[in-house]
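K.L.:
Fold the following.
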Amino acid sequence: MKRNTPKTIHLIILGCLVAFAMPRGTPAAAITWNAATDTTGKSQLVEGNVLLAYNGGKTSFVITDGGAGGGTGYNFEAKNFTSFNFTATGTDEGEVPGHRTLDSIYPNSPISTTGDASFDTLVETITDAKTGIQNGTMTLSGLTVGEDYAVQVFYNDQRNDQTLTLGDGQGNRVTIKCGVLAGEQPDDYGQHAVGNFTADGTIQAVTLQSTAGNIHVNAILLTQISQAPFPEVPAGVAAFPANGRVSLRWDANTQAGFENFVVKRATVSGGPYAAL
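P.N.:
Okay, here's the model as predicted:
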């Protein structure tokens, strides 16, 4: 029987976080980072089994009909830096991160709508670490070894001279900008990046490094990208012998994503088997 090709899982993080040193003993699988992407709207949210969705504002909210397929819901919980399982590292090692949660980055220069009020909230609210902390590691937990995940990071405060570098502690990095237009433009939603990894432990480290005065984030999204299951054992299998041949019949498999069975035969019990 043929197994379907495993599907893939995407993280999001929104904000200004980065660092290249990790606390000792923190597991970190290699993360493959996609290129920095200008943020435009909720269709860019990674689809999959949502394990974690944090936003940096004071109020939780739900984004409906998100993702590329337009059918995924995201319940973003209001969080601050004390909730992020964050540790200052590198030149900031030993610093207590502290936290601050802001309802709006620039109250006097509101963003233009992305077409969805909840996603507008996501890109215009932040939480940040204590002033001076520019390096740190965030630990994602509750993972299953061997499963595929995606972490998505959105970073915006409408200033195009600040950057955030995301990494895995193994040299795999991506740098995103908190603004892509000159000046504080209302239709500038910053950038985001997605990193994909296969868990080699129950936790995963994401390193953060900011060129701003401290690390800040808009939102963090972690999704599990499910692998397609093995096909079920065929039901109703029947064999019909005839001259020089045997015809086989079985009930159709109705599993989602199922492609086909491959029939093999052998001249002796136990094989070797060859596909027909």
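
K.L.:
Count the neighbours of the nearest residue to Leu122 once chain neighbours are set aside for me.
P.N.:
Take Leu122 and drop its neighbours on the chain: the residue closest to it by C-beta to C-beta, 6 or more residues apart in numbering is Ala219, 5.1 Å away. C-beta: built from backbone N, CA, C; applies to glycine. Here the count is done by other C-beta atoms under 10 Å, and Ala219 has 32 residues near it.

K.L.:
Next one: Ala219 from Arg265, what distance?
P.N.:
54 Å (C-beta to C-beta, to the nearest Å).

K.L.:
still on that earlier bit, so the residue nearest to Leu122 bridges to which residues?
P.N.:
Beta bridges link Ala219 to Phe154, judged by DSSP bridges.

K.L.:
My guess is it contacts Phe154. True?
P.N.:
Yes. In this structure, Ala219 is within contact of Phe154 by C-beta atoms under 8 Å, at 5.3 Å.

K.L.:
What are the boundaries of the helices in the protein?
P.N.:
Taking DSSP state H as the test, the helices found in the chain are 117-124.

K.L.:
Give me the below-cutoff pLDDT ranges for it.
P.N.:
Residue ranges of the chain with pLDDT under 70: 1-27, 103-110, 226-231, 255-259.

K.L.:
swap the cut-off to 90 and go again
P.N.:
In the predicted model of the chain, residues 1-28, 56-59, 79-86, 94-112, 124-131, 156-162, 178-188, 212-214, 216-217, 225-276 satisfy pLDDT under 90.

K.L.:
So which residue of it lies furthest out from the middle?
P.N.:
Computed with C-alpha atoms, centre = their mean, the residue of the chain farthest from its C-alpha average is Asn243, at 56.8 Å.

K.L.:
That one: what's it in contact with?
P.N.:
Neighbour list for Asn243: empty [criterion: C-beta atoms under 8 Å, 6 or more residues apart in numbering].

K.L.:
just wondering, since we're on Thr114, how far is it from Phe154?
P.N.:
Computed with C-beta to C-beta, the distance linking Thr114 and Phe154 is 11 Å.

K.L.:
shared neighbours, these two?
P.N.:
Between them, Thr114 and Phe154 share these contacting residues under C-beta under 8 Å, 6+ apart: Val123.

K.L.:
out of the two, which sits in the more crowded spot?
P.N.:
Ranked by neighbour count (other C-beta under 10 Å), Thr114 and Phe154 place Phe154 first, with 29 against 20.

K.L.:
Is it correct that the more buried one is in contact with Gly190?
P.N.:
Yes. Using C-beta under 8 Å as the test, Phe154 is close enough to Gly190 to be in contact (6.7 Å).

K.L.:
Mutual contacts of these two, please.
P.N.:
Taking C-beta under 8 Å, 6+ apart as the criterion, Phe154 and Gly190 both touch 39, 123, 218.

K.L.:
Put the buried members of those residues into a PyMOL selection.
P.N.:
With 16 or more other C-beta atoms under 10 Å as the criterion, this PyMOL line picks the buried residues out of these:
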select buried, resi 39+123+218
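
K.L.:
so which of the shared contacts of Phe154 and Gly190 comes closest to Gly270?
P.N.:
Distances from Gly270 to the shared contacts of Phe154 and Gly190, taken as C-beta to C-beta, are shortest for Thr39 (57.1 Å).

K.L.:
Neighbours of Ile111, how many?
P.N.:
The burial count assigned to Ile111 is 21, neighbours taken as other C-beta under 10 Å.

K.L.:
can you tell me how far it sits from Gly142?
P.N.:
From Ile111 to Gly142 the distance is 32 Å (C-beta to C-beta).

K.L.:
residues contacting Ala275?
P.N.:
Under the criterion of C-beta under 8 Å, 6+ apart, the contact list for Ala275 reads 262-264.

K.L.:
If it is in a bridge, with which residues?
P.N.:
Going by DSSP bridges, Ala275 is paired in beta bridges with Lys264.

K.L.:
Kindly report the same for Thr37.
P.N.:
Bridge pairing for Thr37 - DSSP bridges - gives His192.

K.L.:
Run a quick check on it versus Gln44, I expect a contact.
P.N.:
Yes. Shown here, Thr37 and Gln44 form a contact pair, counting by C-beta under 8 Å, at 7.0 Å.

K.L.:
The two: which has the busier surroundings?
P.N.:
More neighbours sit around Gln44 than around the other of Thr37 and Gln44, counting by other C-beta under 10 Å; the figures are 21 against 15.
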